[in-house]
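K.L.:
Whatever this is, show me its structure:
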Amino acid sequence: MNISVTKAAKEWGVSRTTIYQKVNDGELSRTADKKIDVSEMLRVFGEPISKKRTERSVNTVQSTPLNSQSVQYNTDIEHQLALEKLKNEHLSQQVSDQKKLIENYQQQIGQLNKTLDKANASIQDFAQVRLLEFKQAEMNYETPLQQEQEKQDDSIVVTAKKKKRWWGF
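P.N.:
Take a look at the predicted model:
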């Protein structure tokens, strides 16, 4: 049984160009009326694909440019989405690290404030002690004028005592 090149291409799911190339290369022969014997197609291409598969294949071949563009676009979008998810995870990790760092700094500030409060309390205690010591020293301290006057008073008393004794003989 002989079939046309177009029918052979549809039944075997190959392009007409492929069939013509096989004929030109000598791998496939045609009859005088330019048709191809089914046995020749079986020898070169094997069993034909089913009619449903052929129709599906034709539809796929016709829509391949559109589908491949859609598939490529979807793949690009999926890659961008995956990249954005990775960026998001990285940024979330950075935010978490920064929060931990802030908490650490806040703890250090709290400890430093406690230390500062203790130091201030110690300074106040020290200042009060020094003030009391100063007041006590001030009470015990006599001015040079007071000391001179006391010396004079003492000498008068001593002189008076001496005179009393001297007059007492």
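K.L.:
ok, how many other residues are close to Glu11?
P.N.:
For Glu11, the neighbour count with other Cβ atoms under 10 Å is 18. In this view, the C-beta of every residue, glycine as well, is placed from N, C-alpha and C.
K.L.:
Find the helix or strand that it is a member of.
P.N.:
For Glu11, the element it lies in under DSSP states H and E is helix 5-12.
K.L.:
For the protein, which segments are assigned as helices?
P.N.:
Taking DSSP state H, the helices of the chain run over residues 5-12, 16-25, 38-45, 51-140, 144-167.
K.L.:
Can you flag the weakest of the ones you listed by average pLDDT?
P.N.:
Per-segment mean pLDDT for the helices of the chain reaches its minimum on helix 144-167, at a mean of 57.
K.L.:
Return the distance of the helix holding Glu11 from the chain's centre.
P.N.:
60 Å (Cα atoms, centre = their mean, to the nearest Å).
K.L.:
Make 766 the first number, not 1, from now on.
P.N.:
Sounds good: first residue 766 from here, last item helix 770-777.
K.L.:
Which neighbouring elements make contact with that helix?
P.N.:
Counting contacts by 3 or more Cβ pairs under 8 Å, 6 or more residues apart in numbering; DSSP states H and E, helix 770-777 packs against helix 781-790, helix 803-810, helix 816-905.
K.L.:
if we go to 7 Å?
P.N.:
In terms of contacts (3 or more Cβ pairs under 7 Å, 6 or more residues apart in numbering; DSSP states H and E), helix 770-777 is packed against helix 781-790, helix 803-810.
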